[in-house]
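# Take a look and give me a structure for this.
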Amino acid sequence: MNLISPFRGLRPAPGRAAEVIAPPYDVLNSAEARERADGKPWSFLHISKPEIDLPENTDPYSPEVYAKAAENLTRTIEAGLLIRDETPCYYAYRLIMNGHQQTGLVAGASVADYDTNRIRKHEFTRPVKEDDRVRQIDAVNAQTGPVLLAYPDAPVVDQILAAATQKEPVLDATADDGIQHTLWVIDEADAIAQLTAAFNAMHAIYIADGHHRSAAASRIAKMRHEQHGDSENAPWDHFLSVIFPHHQMKIFDYNRVVRDLPDMDNAQFLAAVEQHFDLQPSATPVKPSEPGTFGMYMDKQWFKLTLHPELLPNEDPVARLDVSRLARYLIEPVLGISDPRRDDRIDFVGGIRGLEGLEKRVNSGEMAVAFSLYPTSMQDLMAVADNNDVMPPKSTWFEPKLADGVVSYLLD
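Residues are numbered from 1 along each chain as shown. Purely as a prediction, here's the structure:
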């Protein structure tokens, strides 16, 4: 089976994209989605967060929510807001945010290659979130949330995408968060064949964001094969993905805030920190400029932390991540947090919110201390995945985000 395949995408009708496209389902809570969709009857949030069309106390995981998603998708198609291409295609998809630009390929990615780890993972999934995506995909009979993937150096793919973007786009819209989304159809037989062959030659591609969506797609494939019997190249054997060249992708820092200092005052805490870090007060907020350095904010004071040099070298791709170093030498031994997935004393703040977001959480009294980190690199992510390892939770924050509704993958 091919690593990727073209498909008949479901996308906004000409001139309607601005009414349809919406932030990814998992970056907004129900209240935020309700507010963002207010006055926008065709926003894709009515499909991806359909609880916004039900009473406010509705459980977002209840059966009526998934039924409402299916109803809203059908309604949007019947109203002509979404159209489907007649033949299988690939698509070039460009994102522009604050001058940063990246162009990738929309394709169906192989579930079989996900199952064998040729489509490589770097995170654990949570059962409740997996179950949610399985129910949503099954209810709407479509994959509406794309998985963000990265491909290694492939000049042939880059060239084909560059050529595709010289044509007239079928979608060009700026979302309400200021991110520009542009889409081109790639339906020429030669280009499709070249792209398929180029990806087949790759040893692996990498999940950047969307582990729950890809895991759910694998479960859906197993369910559908049990229901329908084995069939070659069934639609559920692939999942909706957007695959960018790894060198274009931008990872922001993913910072930490901790609720309290256990059984110590500020002076004792700072002394404990200095066991593994050089600690220097800073008159300005500290945004780390290299690995092994960290910012720390507490009691309205910023500090620059530099890990002692003898602790830096490490051949292990997980251990050498700054999120791992901070956990090993400070968060666990000093603050007593050994399981950041379950300990409610720690929270995570995406770097897109800036250092002001950290100061706000501490100054409010909600949190006692905040840490700013140097961003994880794409090379680090790929090394972890190639080693069949997993990263600590909340190691990467990708921007710009893909939009839901640009292209969907129907499973009929």
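
# In this structure Ser377 contacts Ile251, no?
Yes - using CB atoms under 8 Å, Ser377 and Ile251 qualify as a contacting pair, with a distance of 6.9 Å. (C-beta placed from N, C-alpha, C; glycine too.)

# So for these two, which residue has more residues nearby?
Between Ser377 and Ile251, counted using other CB atoms under 10 Å, the more crowded position is Ile251 (18 against 15).

# where does that one sit relative to Lys167, distance-wise?
As for Ile251, its distance to Lys167 is 30 Å (criterion: CB to CB, to the nearest Å).

# Strands of the stretch 51-200 of the chain, residue ranges please.
Listed in chain order, the strands of the stretch 51-200 of the chain (DSSP state E, counting those that start in this stretch) span 82-84, 90-97, 100-110, 119-120, 142-143, 147-151, 171-174, 180-186.

# Quick check: buried residues in stretch 215-225?
Buried residues in stretch 215-225, counted by 16 or more other CB atoms under 10 Å: 215-221, 224.

# Any chance of TSV for these, columns distance to Asn200 and pLDDT?
Below are the buried residues of stretch 215-225 laid out as TSV (distance: CB to CB, whole Å; pLDDT from 0 to 100):
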residue	distance to Asn200	pLDDT
Ala215	23	97
Ala216	25	97
Ala217	20	98
Ser218	20	97
Arg219	25	97
Ile220	24	97
Ala221	20	96
Arg224	24	94
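
# Serialize these to JSON lines and add fields for distance to Thr182 and secondary structure.
As requested, the buried residues of stretch 215-225 are exported to JSON lines (distance: CB to CB, whole Å; DSSP: H, G, I helix; E, B strand; the rest coil):
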{"residue": "Ala215", "distance to Thr182": "29", "secondary structure": "helix"}
{"residue": "Ala216", "distance to Thr182": "28", "secondary structure": "helix"}
{"residue": "Ala217", "distance to Thr182": "26", "secondary structure": "helix"}
{"residue": "Ser218", "distance to Thr182": "30", "secondary structure": "helix"}
{"residue": "Arg219", "distance to Thr182": "32", "secondary structure": "helix"}
{"residue": "Ile220", "distance to Thr182": "29", "secondary structure": "helix"}
{"residue": "Ala221", "distance to Thr182": "31", "secondary structure": "helix"}
{"residue": "Arg224", "distance to Thr182": "33", "secondary structure": "helix"}
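
# Looking at the residues you listed, spot the one nearest Val323.
Closest approach to Val323 among these (CB to CB): Ala215, at 21.9 Å.

# hang on, Asp299 packs against Asn266?
Yes - Asp299 sits in contact with Asn266 when judged by CB under 8 Å, with a separation of 6.1 Å.

# between these two, which one's more packed in?
Remark: of Asp299 and Asn266, Asn266 carries more neighbours, 13 against 9, as counted by other CB under 10 Å.

# so who does that one touch?
The contact partners of Asn266, by CB atoms under 8 Å, 6 or more residues apart in numbering, come to 298-299.

# Relative to Gly365, how far out is it?
Computed as CB to CB, the Asn266 to Gly365 distance reads 15 Å.

# do the same with Val334
Distance, Val334 to Gly365, using CB to CB: 21 Å.

# what's the answer for Met391, then?
Met391 sits 31 Å away from Gly365 when distances are taken as CB to CB.

# These two: who's more crowded?
Met391 (21 against 7).

# measure the more buried one to Tyr254 for me?
Distance from Met391 to Tyr254, counting by CB to CB: 10 Å.

# Give me the common contacts of these two.
Both Met391 and Tyr254 are contacted by 323, 376, under the criterion CB under 8 Å, 6+ apart.

# dump the residue contacts of Phe371.
Phe371 sits next to 255-258, 294-297, 326, 330-331, 358 when contact means CB under 8 Å, 6+ apart.

# can you check Pro291 too?
Contacts for Pro291 (CB under 8 Å, 6+ apart) come out as 312, 320, 322, 374.

# Equivalent analysis for Pro14, please.
Val170.

# cutoff 10 Å now
The contact partners of Pro14, by CB atoms under 10 Å, 6 or more residues apart in numbering, come to 83, 170-171.

# Just the pLDDT at it, thanks.
In the prediction, the pLDDT value recorded for Pro14 is 96.

# related to what we said a few turns ago, PyMOL command for the buried members of the contacts of Pro291?
Only the buried members of the contacts of Pro291 end up in this PyMOL selection, burial being decided by 16+ other CB under 10 Å:
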select buried, resi 320+322+374
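
# nearest to Asn200, of the contacts of Pro291?
Closest approach to Asn200 among the contacts of Pro291 (CB to CB): Arg320, at 32.1 Å.

# how far away is the closest one from Val390?
Counting by CB to CB, the gap between Arg320 and Val390 amounts to 15 Å.

# again with His246
To Val390, His246 is 19 Å away according to CB to CB.

# So for the two, which sits in the more crowded spot?
Neighbours per residue (other CB under 10 Å) separate His246 from Val390, with His246 holding more: 20 against 15.

# now that one, nearest residue through space, not along the chain?
If you skip the residues right next to it in sequence, His246 has Ala150 as its closest partner in space, 4.2 Å away by CB to CB, 6 or more residues apart in numbering.

# ok, now Cys89?
Asp187 (4.6 Å).

# got it, and Asp343?
In space, Asp343 comes closest to Ile337 once its chain neighbours are excluded; the distance is 4.9 Å by CB to CB, 6+ apart.
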